[in-house]
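J.: dropping the sequence and predicted coords here.
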Amino acid sequence: MSAPIRIAVTGGAGQIAYNLLFRLGNGEVFGPRQPVILQILEIPPAMEALRGVVMELEDCAQPLLHDIIISDDPAVAFKDANWAILVGGMPRGPGMERSDLIAANGPIFVAQGRALNDHAAADVRVLVVANPCNSNCLVAKANAPNIPADRWFAMTRLDENRAASQLAQRAGALVGEVSNVAIWGNHSATQFPGFEHALVKGEAAETVIGDRQWLEGEFMSTVQKRGAAIINARGKSSAASAANAALDSIRSLINPTPPGDWFSAGIPSEGNPYGIESGLIFSFPLQHNTDGSVEIVAGLPLSDYARDKIRATEAELLQEREAISDLL
Ligand code: NAX
């Protein structure tokens, strides 16, 4: 057995956390020999509900779950954390514009960035799930100057999984036979689900599917608007699939990527090979190397269509950055 790792999760009484916490201590992400300590953050009105979640975690009797710490103080929840999964935030209320959501979440991520900076372990890695996740990640990172840039990730894996699933269905293939799907840009309706390099059983998805119009039309809009479609159908936003994507993200960040494939996450755009402006958290195709480093897959040829879409999502992120410029 290794020494336990500490995993901080915020928004612990929420619906994504309810699908996430139980899977962090069962060995499926960090392996069957890696004990974990969960350090869960909530706001005071949700602490009682969080206590209920803790009772359930205890009742799972997971041998790898060595301890559970709960707090409404980020300094406690982030203390010595090796991973921080930032799920909690201010939800989008009725009549709220995206810009209002960005403004409402800004101060939360200033405080959490500072607390991570001051209290987390030297090797901490941060995955931001709470929306607007790219901008929240940017704010937290800007307020944590001692945490290196290569430790920050915003979750676009749910979009990637949605895209892979749509491609598999259309191609009549299994989702495990689809590879090389990348999400470019923002986790929002401007994201570009890059289908041009996607493969089905090793062959270009575009050739297998043979319907570029469907790819540019229905496929794109289904992936971009999937979150809203789930709210319409279920009455609640995606939770199990979002938690699953967070676990997939971590798995991809700690294990080497299968040769030739890639995965997606928002990362700092500094020095990227696609000419995206620096100072953004932008989702790219990524590869985790055997030496543990994560790098952007360079040199992918992009059509004019893809370039336009990537510019549009970059423009939205620049606008979002403008709205939070006083927090950076
Ligand atoms: P819930 O409203 O069920 O839970 C959020 C929890 O966060 C609540 O229990 C709340 O008390 C807590 N919270 C609020 N402020 C906090 C703070 N300052 N510190 C700690 N906890 C705090 O939302 P849920 O469905 O779990 O979604 C959580 C977040 O994930 C939302 O921002 C949502 O928009 C975002 N999502 C991101 C996705 C992605 O792909 N990146 C997809 C799913 C989801 O929409």
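T.: On my side now, so go ahead.
J.: pLDDT score assigned to residue 313?
T.: For residue 313, the pLDDT comes out at 98.
J.: wait, I meant residue 264
T.: The model's pLDDT for residue 264 equals 98.
J.: smallest gap between the stretch 201-328 of the chain and the ligand, at which residue?
T.: In the stretch 201-328 of the chain, no residue comes nearer to the ligand than residue 242, which is 3.6 Å away by C-beta to the nearest ligand atom. C-beta: built from backbone N, CA, C; applies to glycine.
J.: burial count for the nearest residue to residue 211 once chain neighbours are set aside?
T.: Excluding the flanking residues, the one nearest residue 211 by C-beta to C-beta, 6 or more residues apart in numbering is residue 170, at 7.8 Å. Counted by other C-beta atoms under 10 Å, the residues lying close to residue 170 total 19.
J.: quick check: residue 170 is in a helix.
T.: Yes - assignment of residue 170 by DSSP: H, G, I helix; E, B strand; the rest coil places it within a helix.
J.: contacting residues around it?
T.: By C-beta atoms under 8 Å, 6 or more residues apart in numbering, residue 170 lies in contact with 209, 211, 214, 219.
J.: of those, which belong to helices?
T.: Among the contacts of residue 170, the members found in helices (DSSP state H) are 209, 214.
J.: please pick the buried ones from the contacts of residue 170.
T.: Neighbour-count burial (16 or more other C-beta atoms under 10 Å) applied to these gives 209, 219.
J.: mind putting the contacts of residue 170 into a markdown table with distance to residue 158 and pLDDT?
T.: Below are the contacts of residue 170 laid out as a markdown table (distance: C-beta to C-beta, whole Å; pLDDT from 0 to 100):
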| residue | distance to residue 158 | pLDDT |
| --- | --- | --- |
| 209 | 22 | 98 |
| 211 | 25 | 98 |
| 214 | 22 | 98 |
| 219 | 16 | 98 |
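J.: take the contacts of residue 170 and write them to a markdown table, including distance to the ligand.
T.: Converted to a markdown table, those look like this (distance: C-beta to the nearest ligand atom, whole Å):
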| residue | distance to the ligand |
| --- | --- |
| 209 | 25 |
| 211 | 27 |
| 214 | 24 |
| 219 | 18 |
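J.: isn't residue 14 up against residue 88?
T.: Yes - with contact defined as C-beta atoms under 8 Å, residue 14 reaches residue 88; the gap is 6.4 Å.
J.: re earlier: and the residue nearest to residue 211, how far is that from the ligand?
T.: Note on residue 170: its distance to the ligand, by C-beta to the nearest ligand atom, to the nearest Å, is 22 Å.
J.: tell me the pLDDT of that residue.
T.: Per-residue pLDDT puts residue 170 at 98.
J.: now do the same contact list for the residue of the stretch 201-328 of the chain closest to the ligand.
T.: Applying C-beta under 8 Å, 6+ apart, the residues near residue 242 are 16, 19, 129, 155, 158.
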